[in-house]
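Novice: Sharing a model prediction with you, sequence too.
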There are 2 protein chains.
Amino acid sequence: MSKSIFYHAGCSVCVSAERDIVDLIGNDKVEIVNIGEERERISEAEKAGIESVPALVTPIGNVLHLNFGASITDVKG
Amino acid sequence: MSKSIFYHAGCSVCVSAERDIVDLIGNDKVEIVNIGEERERISEAEKAGIESVPALVTPIGNVLHLNFGASITDVKG
């Protein structure tokens, strides 16, 4: 993959981090996924190693958890 | 300020995140500060709102804590 993927769940911490990441790396270089809405992608996020949102998966597959909005467990409800 | 500042303390989590951030936003757009060595800059990091390292302060002053390496308290020793 050549793009980063930013996973979030719509929380205020997520929205703020999303804005920062888009400003830093550019809108065209990051896919934004709201796993609160696109629930079928929760398992993909978990497989990538994401434990909480917001989080960024880099093009080489590294996970950067950015601040703390909600745990994946919370998102799954 | 026009550059982001990446604060770290030399830990393995820090080194990995540093590599990711440099890859993502570009070497010329981020200043790297090791507050384990440049101890006079610890207070600057605290004033920016940093609670743990590694962390990135964006050009508009927002703090993104990236994963978790060490708390500022630990760095201060």
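Specialist: Everything's here; your move.
Novice: ok, residue A:65 touching residue A:45?
Specialist: No: if you go by C-beta atoms under 8 Å, residue A:65 and residue A:45 don't touch, sitting 11.3 Å apart. Every residue, glycine included, has its C-beta placed from N, CA and C.
Novice: Name the residues contacting each of the two.
Specialist: residue A:55 (C-beta atoms under 8 Å, 6 or more residues apart in numbering or on different chains).
Novice: mind listing the helices for chain A?
Specialist: In order along the chain, chain A carries the following helices (DSSP state H): A:12-25, A:42-48, A:72-76.
Novice: Now do the buried residues in the lengthiest strand in chain A.
Specialist: Longest strand in chain A, counting residues (DSSP state E): strand A:63-71. For strand A:63-71, burial by neighbour count (16 or more other C-beta atoms under 10 Å in any protein chain shown) applies to A:63, A:64, A:65, A:66, A:67, A:68, A:69, A:70.
Novice: Now do the same contact list for residue A:33.
Specialist: Here residue A:33 is in contact with A:5, A:6, A:7, A:8, A:41, A:45 (C-beta under 8 Å, 6+ apart).
Novice: just checking, which of those residues belong to strands?
Specialist: A:5, A:6, A:7, A:8.
Novice: The residues you listed: which two are farthest apart?
Specialist: A:5 and A:8 (10.4 Å; C-beta to C-beta).
Novice: and those two? which has more neighbours close in?
Specialist: residue A:8 (26 against 21; other C-beta atoms under 10 Å in any protein chain shown).
Novice: how close does the more buried one get to residue A:45?
Specialist: Residue A:8 sits 10 Å away from residue A:45, going by C-beta to C-beta, to the nearest Å.
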